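Engineer: dropping the sequence and predicted coords here.
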Amino acid sequence: MDSSRSAAELADLLGAWPRGDGPLYQRLADTLRGLLDQGTLTPGERLPSERALAAALRVSRTTVVSAYDSLRSAGILDSRQGSGTRVSERIEPVRPDGWTANGNGNPMYRNLFQRDEGLISAACLATPALTGVEEAVREVVAEDLPALMAEGTYYPSGLPALRRAVADHYTERGLPTAPDQIVVTTGAHQAVNLVAQLYLRKGSPVVVEDPSFAGCLDLMSDRGARFLPVPLDEQGMDGMGLRRAVTEHAPHLVYTMPSYHNPTGTMMSAARRRELGELSARHGVPVMEDFAYTGLRAADEPPPVAAFAPRGAEVITVESLSKIGWAGIRLGWLRAPAEMALRLSRRKILADLASPLLDQAVAVRLIRRYDELSRQRSELLREALDHMEGLLREALPAWEWRRPDGGAALWVRLPGVRARSYVQVALCHDVELVPGAIMSASEDDRHAEYFRLPFAYDRPTREELVWRLARAWRELDRYGPVEADPVRLVV
């Protein structure tokens, strides 16, 4: 089988390759070599032509030619007339690490591995701790530590006190819940992964919103999911598209983010939630609703889909404290029918036996302060959003976005410009962005002009970020789209 990547895909994989010391071509060659060392590029794989990669990276063709020549001299690349440039088949293959399971070259977590000084990464959302988190930690150490230290067992489903607190949290919000319906996880990410493991196999049809969260698309793609993207409107997942996908394809799972959708920040209406719950019951389709993307919140947020679902519907609700309290609290949970919760607990044992007791004890206290923490976080982010919107209107008036109902980022449209082109220019100005194509399971280019722009930074960082973005936009406007004459681009 002839394996190859497009220039756009390879550009996504390369990330912030221009940063560092030495000639630009050598930095490119070193980054390509790193992709081979980690198993992302494989022996025999065909690379894009020099001209195509230069256009995607917005550098001169000479830079790419020199990088390829350097790797040919080292025996890493081979080039033959009519066959293009390939990774040498003489190279010992490296087992892939699954970093790019969905083939998109997801850059969202790259900066977690390699922190580049001076780079502003807008790829991964950050959540600094609220003061209530420190208070909860101190209370646990002062009051709960002796009892925790006496514990001599694991709790795969979660600390009993936390499961009761989460169950009460839902019951108070109009969703009656028993503790045996709760499974505590190491972050919402693990909860989504456990659900994917339980429900999906190679070829499983999965309904997802379009766009969607790239990290969760990766998890489901890793299980072999076949995505059925459904577009969004201002009320959430399009009702007609959802009904068609469910009735025509009998999906194994529907994955949705009702409050709030990542990356658009849209809140699904109560009517759409009710319809989704009824579809689940009528067609026997499991639904996973993900509430991990919170922060800025609307005052009239409806209850979860599970609260609208008729008896017999299989709805799994995923939530986390990371975006409300602190990103460092890697603590989440899922709510499911009791029999499904038990099955998911068994998979939790295989993953890590159980989540840390200290973290869970802190979470018990934070759940009791959930409303207050949520209000504090929302107020901080509303101020940040107002500030970010003001900066963008002044510095980048051509950009378009809809003010989000919630979340922590803007879904920005660059009129007439592909975001992948702009992302490469922004890297040269020390800003890392996620293009919209990464956050979509569709095969068309409907999100090619979009990118996600977080606003949960401190005030000086927001100002510096927008200043750099404006410089990059002026440069792109000056030199035109990626089809421009390469000699005028960065060398």
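Structural biologist: Happy to help now that I have it. Residues are numbered from 1 along each chain as shown.

Engineer: for residue 383, grab the count of nearby residues.
Structural biologist: 13 (other CB atoms under 10 Å). C-beta here means a position set from N, CA and C on the backbone, and glycine is covered the same way.

Engineer: figure out the helix or strand that it lives in.
Structural biologist: helix 370-395 (DSSP states H and E).

Engineer: for stretch 387-401, buried residues please.
Structural biologist: Under the neighbour-count criterion of 16 or more other CB atoms under 10 Å, stretch 387-401 has 387-388, 391-392, 395-396, 399, 401 buried.

Engineer: that older thread, what helices or strands is the helix holding residue 383 leaning on?
Structural biologist: Here helix 370-395 is seen to pack against helix 131-139, strand 409-413, helix 459-479 when contacts are counted using 3 or more CB pairs under 8 Å, 6 or more residues apart in numbering; DSSP states H and E.

Engineer: pipe the ones you listed into JSON lines and attach mean neighbour count and distance to residue 265 per row.
Structural biologist: Output for the helices and strands packed on helix 370-395, formatted as JSON lines (neighbours: other CB atoms under 10 Å; distance: least, CB to CB, whole Å):
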{"stretch": "helix 131-139", "mean neighbour count": "16", "distance to residue 265": "24"}
{"stretch": "strand 409-413", "mean neighbour count": "23", "distance to residue 265": "7"}
{"stretch": "helix 459-479", "mean neighbour count": "16", "distance to residue 265": "17"}
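
Engineer: between these, which gets nearest to residue 5?
Structural biologist: Among those, the nearest to residue 5 by CB to CB is helix 459-479 (23.7 Å).

Engineer: so what touches that closest one?
Structural biologist: Helix 459-479 is contacted by residues 120, 122, 384, 387-388, 391-392, 395-396, 398, 417, 421-422, 425-426, 428-431, 455, 457, 488-489 when judged by CB atoms under 8 Å, 6 or more residues apart in numbering.

Engineer: how far is that helix from where the chain is centred?
Structural biologist: Taking CA atoms, centre = their mean, to the nearest Å, one finds the center of helix 459-479 at 23 Å from the center of the full chain.

Engineer: one more: stretch 214-231?
Structural biologist: 12 Å.

Engineer: and that stretch, C-alpha only, in CSV?
Structural biologist: C-alpha atoms of stretch 214-231 as CSV (Å, rounded to 0.1, in the frame of the first residue of the first chain):
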residue,chain,number,x,y,z
ALA,A,214,-10.2,16.9,18.5
GLY,A,215,-9.0,15.2,21.6
CYS,A,216,-12.1,13.1,21.9
LEU,A,217,-12.2,12.4,18.1
ASP,A,218,-8.7,11.0,18.6
LEU,A,219,-9.9,8.7,21.3
MET,A,220,-12.8,7.3,19.3
SER,A,221,-10.8,7.1,16.1
ASP,A,222,-8.2,5.0,18.0
ARG,A,223,-11.0,2.5,18.5
GLY,A,224,-11.7,2.5,14.7
ALA,A,225,-14.8,4.7,14.8
ARG,A,226,-16.5,5.7,11.5
PHE,A,227,-17.7,9.3,12.1
LEU,A,228,-21.1,10.7,11.0
PRO,A,229,-20.6,14.5,11.3
VAL,A,230,-23.8,16.5,12.0
PRO,A,231,-23.5,20.3,11.6
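
Engineer: follow-up on the earlier one: between the buried residues of stretch 387-401, which is closest to residue 438?
Structural biologist: residue 401 (17.6 Å).

Engineer: residue contacts, the closest one?
Structural biologist: Here residue 401 is in contact with 392, 410-413, 453 (CB under 8 Å, 6+ apart).

Engineer: and if you look at residue 33?
Structural biologist: Residue 33 is in contact with 71, 74, 76, counting by CB under 8 Å, 6+ apart.

Engineer: which element follows the helix or strand harbouring it toward the C-terminus?
Structural biologist: Using DSSP H and E, residue 33 sits in helix 24-37. Sequence-wise, the next helix or strand downstream of helix 24-37 (DSSP H and E) is helix 50-57.

Engineer: so how far is residue 411 from the residue nearest to residue 416 when sequence neighbours are not counted?
Structural biologist: Of all residues not flanking residue 416 in the chain, residue 449 sits nearest, at 7.4 Å (CB to CB, 6 or more residues apart in numbering). The gap separating residue 449 from residue 411 is 11 Å, by CB to CB, to the nearest Å.
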